[in-house]
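Enquirer: I'll drop the sequence and a predicted model, then ask my questions.
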Amino acid sequence: MTRLLGIDFSGAQDAGRKIWVAEARRSDGPLAIELCRPASDLPGGSREPDIAIAALARHIMAEQDTIVGCDFPFSLPLDLVQAKDWRSFALGFRQRFVDQLSFHDLCHRETGGIETKRRTDREDRTPFNSFNLRLYRQTWWGIGHLLAPLVKADAATIWPQMDKQAGKPVVVEVCAACSLIRLDCYPSYKGRMPVHRKARRQILDLLIARGYLAPPKRALRALLLDNQGGDALDAVIGAIAVNRSDFNRPRDRVDRLEGRVFYDLG
């Protein structure tokens, strides 16, 4: 049975603590989460971003029959891709953008300071564009250190940018915020105050009531509610998205270069 991974990503200095991975097996009914943990707890993991992300890549490759949803932008707007195809863009990403700050600054310089958006950002209402101040670190680490090595090793298909290949994991872009907006349930749930924990409970209970998520065991439920950053809950939402999304929809040139966010839980 297909393994599903929902990954809430981070480009922070302690990324291994903030990247969370939810695991399940594909289901026609409510999704039963088997495990949810930070990347620092993966085999060979660490709080350090480069070590944690390398461990995450190995975890993705551990089973061929896997669909992975990662919550970070997989590309840039068309004018900024500047490559014949997305694969070339990804493989040349770290040479073009040598560090996080140069990525942020060069993108803003090339757009005249305008935070341009991909088509999927406009249509699916993602909160930020790929090089926004709050997101550029995630984009830089995600494309340059997770996706590009997977592509270089020919170890996974990034979809819809690449053609699917039998026997390889499929990695897609998800967005917990987009999913929650479509559920008309987007309270302020990231934080340590009682009101934030109450909001996380509201979201979790709604996912269960709608039949998207099987009621988690007591320890997992407590983890999802107590994780103050909401990262564990976001990882679960990502896993639900890959369980319920259609990955056979037609693609066009824009999809192949800019990518597409998969968020629909309906």
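Expert: Received, thanks.
Enquirer: What is the distance between the helix or strand hosting A54 and the centre of its chain?
Expert: Assigned by DSSP states H and E, A54 falls within helix 49-61. The chain centre lies 14 Å from the centre of helix 49-61; the measure is CA atoms, centre = their mean, to the nearest Å.
Enquirer: Report all helices and strands that it contacts.
Expert: strand 3-8, helix 15-18, helix 148-152 (3 or more CB pairs under 8 Å, 6 or more residues apart in numbering; DSSP states H and E). Heads up, the C-betas are built off the backbone N, CA and C, glycines and all.
Enquirer: so what strands line up beside the next helix or strand after the shortest one?
Expert: Beyond helix 15-18 on the C-terminal side, the first helix or strand identified by DSSP H and E is strand 20-25. Taking DSSP bridges as the criterion, strand 20-25 forms sheet pairs with strand 3-8 (antiparallel), strand 35-38 (antiparallel).
Enquirer: so which strand or helix has W140?
Expert: helix 136-141.
Enquirer: helices or strands up against that helix?
Expert: Packed next to helix 136-141, using 3+ CB pairs under 8 Å, 6+ apart, are helix 100-110.
Enquirer: Touching, V195 and Q202? I think so.
Expert: No - using CB atoms under 8 Å, V195 is not in contact with Q202, being 10.4 Å away.
Enquirer: for the stretch 51-200 of the chain, what spans make up the helices?
Expert: 78-81, 86-91, 93-96, 100-110, 119-124, 136-141, 148-152, 176-182, 194-209 (DSSP state H, counting those that start in this stretch).
Enquirer: would you turn those into TSV with mean pLDDT?
Expert: Shown next, in TSV, are these (pLDDT from 0 to 100):
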stretch	mean pLDDT
helix 78-81	97
helix 86-91	98
helix 93-96	98
helix 100-110	97
helix 119-124	97
helix 136-141	98
helix 148-152	98
helix 176-182	96
helix 194-209	98
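Enquirer: circling back: quick check: mean pLDDT of the helix holding A54?
Expert: When pLDDT is averaged along helix 49-61, the result is 98.
Enquirer: contacting residues around it?
Expert: 5, 7, 10-16, 19, 21, 39-40, 42-46, 66, 68, 141, 145-146, 149-150, 155-156, 169, 171 (CB atoms under 8 Å, 6 or more residues apart in numbering).
Enquirer: Then stretch 81-93?
Expert: Applying CB under 8 Å, 6+ apart, the contact partners of stretch 81-93 are 75-76, 96, 143-144, 147-148, 151-152, 158, 161-162, 256-259.
Enquirer: rerun that using 6 Å as the cut-off
Expert: If you take CB atoms under 6 Å, 6 or more residues apart in numbering as the criterion, stretch 81-93 is touched by 143-144, 147-148, 151, 161, 257.
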